[in-house]
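Novice: Predicted coordinates and the sequence they were generated for:
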Amino acid sequence: MARPSVRTALPRFSIIMPTFRRSHVIGRTIETIQAQTFSDWELVIVDNEGADYRFQDPRIRYHVLTERRGASQARNFGLAKVTGEIVGFFDDDDIMLPHYLETFDQAFQDSRVMMAHCGMLTGSGDVNFSYATPEVMVRAPFATPSWEASDCHDQKYFGRIVVSNGWIPGQIVRIPEVLVKATSDERGGLRDRDGRF
């Protein structure tokens, strides 16, 4: 039986989403978050341009960086704005399947679990289980503002968290389900010409 999604003083989940010139995709992505079966979340959008988005949902907070600094710095900035127990990062063009948050909530019911990751359907139709940005959630005290603009930035970020905390099996849970679809829309966005963030 699913745990009821009741709004508490602080949200269960904080989701950080960097964006830049993505008005053609971000609305669809936000709709997939709003359609979650588990509703106790906040979304912190960090815009590298300032498109002046307006959202009616009080769970969505919008911030503009004063200078364009890239997705990694936007994620670091967003970490200072979150209030949830569990933190995840989501790309502005990906699709969160309806039971994403509910399934992560079930994984984190075990107090020993510090990080969980799920499967992602890639744009090429492959299924990926790794430490890709939208696949991972971590307990808030361990989410550090240490994102770097580099190749495989997400794998390095989450890998450093695991190593620095000395986590062992049982503290990291692999959810054996595909819960996110990557669309990898190249129009706009924060990637440089080599595909880095």
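Specialist: Looks like it came in fine.

Novice: Only C-alpha atoms from now on, for both contacts and neighbour counts.
Specialist: Fine.

Novice: how much space between Arg28 and Ala35?
Specialist: 11 Å (CA to CA, to the nearest Å).

Novice: Please say which of these two ends up with more neighbours.
Specialist: The neighbour comparison of Arg28 against Ala35 (other CA atoms under 10 Å) goes to Arg28, with 16 against 13.

Novice: Make sure I have this right: the more buried one is in a helix.
Specialist: Yes. Counting by DSSP: H, G, I helix; E, B strand; the rest coil, Arg28 is found in a helix.

Novice: those helices in the protein, which residues are they?
Specialist: Along the chain, counting by DSSP state H, helices occupy 26-34, 71-79, 100-107, 153-165.

Novice: List the buried residues for the third one?
Specialist: For helix 100-107, a neighbour-count test (16 or more other CA atoms under 10 Å) marks Tyr100, Leu101, Glu102, Thr103, Phe104, Asp105, Ala107 as buried.

Novice: would you list those residues in JSON lines and tack on pLDDT and distance to Tyr53?
Specialist: As requested, these are exported to JSON lines (pLDDT from 0 to 100; distance: CA to CA, whole Å):
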{"residue": "Tyr100", "pLDDT": "98", "distance to Tyr53": "25"}
{"residue": "Leu101", "pLDDT": "98", "distance to Tyr53": "24"}
{"residue": "Glu102", "pLDDT": "98", "distance to Tyr53": "27"}
{"residue": "Thr103", "pLDDT": "98", "distance to Tyr53": "29"}
{"residue": "Phe104", "pLDDT": "98", "distance to Tyr53": "28"}
{"residue": "Asp105", "pLDDT": "98", "distance to Tyr53": "29"}
{"residue": "Ala107", "pLDDT": "98", "distance to Tyr53": "33"}
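
Novice: Run the chain-centre distance for the lengthiest strand in the chain.
Specialist: In the chain, with assignment by DSSP state E, the single longest strand is strand 172-181. Centroid separation between strand 172-181 and its chain, computed with CA atoms, centre = their mean, to the nearest Å, is 13 Å.

Novice: Show me what that strand is packed against.
Specialist: Strand 172-181 makes packing contacts with strand 95-96, helix 100-107, strand 115-121 when contacts are defined by 3 or more CA pairs under 8 Å, 6 or more residues apart in numbering; DSSP states H and E.

Novice: mind checking which of the ones you listed is nearest Gly84?
Specialist: Closest to Gly84 of the helices and strands packed on strand 172-181 is helix 100-107 (CA to CA; 12.3 Å).
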